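# have a look at this fold, sequence not included:
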Ligand SMILES: CC(=O)N[C@H]1[C@@H](O[C@@H]2[C@H](O)[C@H](O)[C@@H](O)[C@H](O)[C@H]2O)O[C@H](CO)[C@@H](O)[C@@H]1O
Ligand SMILES: [Zn+2]
């Protein structure tokens, strides 16, 4: 469950590629088309509004092809919910924005997908949306409400995770980034607090390492979102339209927020989900 095209590849690209390759059913639900995003490539900067949204829809399809994900949907259909812009902007007050959406109504749309797909695992953002973007915060709220609605309607999702990044790993990655920055196509570096979902290592309950193949698929999927993401040669760093270099993590991390943990730190999000989840 993600807010904009590109979030899925940035946060979960390796995880999605791994499970798609293993034959699991991976369903992506994206809440907006990201039509208020800034555009990186000069030759694409003519794209704004609905034209940008439509272009990012094609970027999303290209990214899903790189990950091997076939089931990807827009919440309520294309254009149902608008990109709300960064927190604090007048865009947030647009009545058609996702930030202004009725949470129960949006959650009912997601619950329909849950009752169709009957997932064992749902992944979303934490309550701050990872970094405070209104669409990310709303995606968390809608996802968690949809979990409740689906259970009321007979399907309990055994495990719900939020995207995380362990502080020790992020800190070490930025030390390397500062050393390597002169060799990168970026002039400036982000900082640890720019990375969404950073928490102390002890809160991480799962880490997913899909190996070099999934890491490469993640980088290719991120590159497919060319209006939003620039991946450096070597695929260890990227930047968004703020032009701040940040690490590209081939291993992805999660915190279990609903369900039973299996062991100290899982390496499979589906661990322990074999038992039936029909709710009488
Ligand atoms: C990763 C993500 O959530 N991107 C959003 C975000 O984009 C940021 C925004 O344009 C900001 O002004 C830039 O400085 C930053 O680099 C961008 O990542 O917000 C956009 C508008 O809501 C959204 O379209 C984009 O997907
Ligand atoms: Zn986003």
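Ah, there it is. This structure is a prediction, so every number in the text was calculated from the model and none was measured. Ligands and ions are numbered 1, 2, ... in the order given.
# how about the residues of this structure near ligand 2?
3, 4, 7 (CB under 5 Å from the ion). No exception for glycine: its C-beta is placed from N, CA and C like everyone else's.
# please name the nearest non-neighbouring residue to residue 260.
Distance criterion CB to CB, 6 or more residues apart in numbering; nearest residue to residue 260, sequence neighbours excluded, is residue 272 at 5.9 Å.
# most neighbours of all the residues of the chain next to ligand 2, which one?
residue 3 (29 neighbours; other CB atoms under 10 Å).
# pull the contacting residues for that one.
30, 31, 32, 98, 125, 129, 133, 135, 136, 138, 139 (CB atoms under 8 Å, 6 or more residues apart in numbering).
# looking at those residues, spot the one nearest residue 265.
residue 125 (20.3 Å; CB to CB).
# which residues touch that closest one?
With CB under 8 Å, 6+ apart, residue 125 has these contacts: 3, 136, 137, 139, 140, 143, 162, 163, 196, 197.
# state the distance from the first one to residue 28.
Going back to what we said before, that points to residue 3. 12 Å (CB to CB, to the nearest Å).
# same deal with residue 13?
11 Å.
# neighbour count for the two, which is higher?
Set residue 13 next to residue 28 and count neighbours by other CB under 10 Å: residue 13 wins out with 30 against 23.
# leaving out sequence neighbours, find the closest residue to that one.
residue 218 (3.2 Å).
# and the helix or strand hosting that neighbour, which residues are buried?
Assigned by DSSP states H and E, residue 218 belongs to helix 211-224. By neighbour count on 16 or more other CB atoms under 10 Å, the buried set for helix 211-224 is 214, 215, 216, 217, 218, 219, 220, 221, 222, 223, 224.
# so which bits of this protein are right by ligand 1?
Taking CB under 6 Å from any ligand atom as the contact definition, the chain meets ligand 1 at 4, 6-7, 34, 36-38, 83, 85-86, 133, 228, 240-242.
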